[in-house]
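Enquirer: I would like to see how this sequence folds:
(one chain, ligands or ions: 1)
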Amino acid sequence: MKIKKIKTKSIIVKSNLPDGNFVINPYVGCTHGCKYCYARFMKRFTSHTEPWGSFVDVKINAPDLIPKNTNKYRGKSITISSVTDPYQPIEGKYKLTRKIIERLIPLQPHLNLITKSDLVVRDIDLFKQFKNCIVALSFSITDEKLRKQIEPLSSPAEQKINALKELHKAKIPTALFISPIFSQITDWEKIINQTKSFVDEYWFENLNLYPSIKSEIFRFLRKNRPELVEKYKKIYSKNSNYWDIEENKIKEFCKKNKVSYKIYFHHKRKDT
Ligand code: SF4
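Expert: Below is the predicted model of the structure:
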């Protein structure tokens, strides 16, 4: 694992997320190393040639770049993060995300945290100090054997579920980001039924087969679920309307079960 401390010029940047104003990425790279991670495109912009998941740049001066007095971000959304995980293992050592959030408290943005790690519960004391804050845990695979292969260093689904419970108990609004949905593997109905007593919102994103991850995903399927290889080829063929049908099923289910939801299918974007 290659860890490097770097200095960055800016830390709060305008967001191109579907419903966000600003975004903060405390790190470059992510050792969770998810095989489906779209953020690997960051390598092109950062001159990293190492495999995705094997390097992290720590933006060591990031907290100092948060302005002390400004109304610019008050009530505007700031998402942490879009192309890295703010609670990946190295956060335990550097506490960079924590320091950034501390500096954001006086600015009172609408804080959106998105992570695949249960380390996020460490900062509950800080989240409580925001008038508007939502913490999203992201997972889509509950089978531990599969999870270890597809997102090797993220927290197991059970730990993420426990983190959501703990956040809810602390009265922090929670979201479960069911992402990415793997057809025939992600049982989103079951996940919702198991978690709806402590999750306030569900966000859904389908597996997007970017050219950069396609071979990885098919390798994963051939090894673990060979019977799905041909099905996936059909699902991702040019005129397939599979995800439109799936999207409608999700909408119907959420409405019927009175569950708040956002769907990020057909996206042209982003992140974790
Ligand atoms: S999907 Fe998120 S958690 Fe996984 S490697 Fe990418 S940035 Fe990290």
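
Enquirer: which helix or which strand is home to the closest residue to the ligand within the stretch 51-200 of the chain?
Expert: In the stretch 51-200 of the chain, no residue comes nearer to the ligand than residue 85, which is 3.8 Å away by C-beta to the nearest ligand atom. Using the backbone N, CA and C atoms, a C-beta is placed for each residue, glycine as well. Assigned by DSSP states H and E, residue 85 belongs to no helix or strand.

Enquirer: wait, doesn't it sit right on residue 113?
Expert: No. Using C-beta atoms under 8 Å, residue 85 is not in contact with residue 113; the gap is 10.4 Å.

Enquirer: who's more crowded, those two?
Expert: Higher neighbour count among residue 85 and residue 113: residue 85, with 34 against 23, using other C-beta atoms under 10 Å.

Enquirer: quick one on the thing from earlier: tell me the contacts of the residue of the stretch 51-200 of the chain closest to the ligand?
Expert: Residues counted as contacts of residue 85 (C-beta atoms under 8 Å, 6 or more residues apart in numbering) are 27, 30, 32, 115, 116, 117, 154, 272.

Enquirer: residue 68 too?
Expert: 103, 106.

Enquirer: just for the chain, where's the confidence low?
Expert: 267-272 (pLDDT under 70).

Enquirer: all helices of it, in order?
Expert: In the chain, helices defined by DSSP state H lie at 42-46, 91-94, 96-104, 124-127, 144-150, 157-169, 188-195, 211-224, 229-235, 242-256, listed in chain order.

Enquirer: most tightly packed of the ones you listed?
Expert: helix 96-104 (a mean of 21; mean count of other C-beta atoms under 10 Å).

Enquirer: just checking, what packs against it?
Expert: On a contact count with 3 or more C-beta pairs under 8 Å, 6 or more residues apart in numbering; DSSP states H and E, helix 96-104 meets strand 77-80, helix 124-127.

Enquirer: which bits of the chain sit near the ligand?
Expert: Residues of the chain lying close to the ligand by C-beta under 6 Å from any ligand atom are 30, 32, 33, 34, 37, 39, 84, 85, 116, 151, 154, 272.

Enquirer: give me the neighbour count for residue 81.
Expert: 24.

Enquirer: surely it and residue 25 touch.
Expert: Yes. Assessed by C-beta under 8 Å, residue 81 is found in contact with residue 25 at 4.6 Å.

Enquirer: ok, residue 153 to residue 119 distance?
Expert: From residue 153 across to residue 119, the span is 11 Å (C-beta to C-beta, to the nearest Å).

Enquirer: then residue 28?
Expert: Residue 28 is 19 Å from residue 119, by C-beta to C-beta.

Enquirer: residue 54 too?
Expert: 20 Å.

Enquirer: same check, this time on residue 67
Expert: For residue 67, the distance to residue 119 - C-beta to C-beta - is 27 Å.

Enquirer: the more surrounded of the two?
Expert: Remark: of residue 67 and residue 119, residue 119 carries more neighbours, 19 against 11, as counted by other C-beta under 10 Å.

Enquirer: quick one: contacts for the closest residue to that one other than its chain neighbours?
Expert: Spatially, and ignoring its direct neighbours in sequence, residue 119 is nearest to residue 87 (4.2 Å; C-beta to C-beta, 6 or more residues apart in numbering). Applying C-beta under 8 Å, 6+ apart to residue 87 gives the contacts 97, 115, 116, 117, 118, 119, 120.
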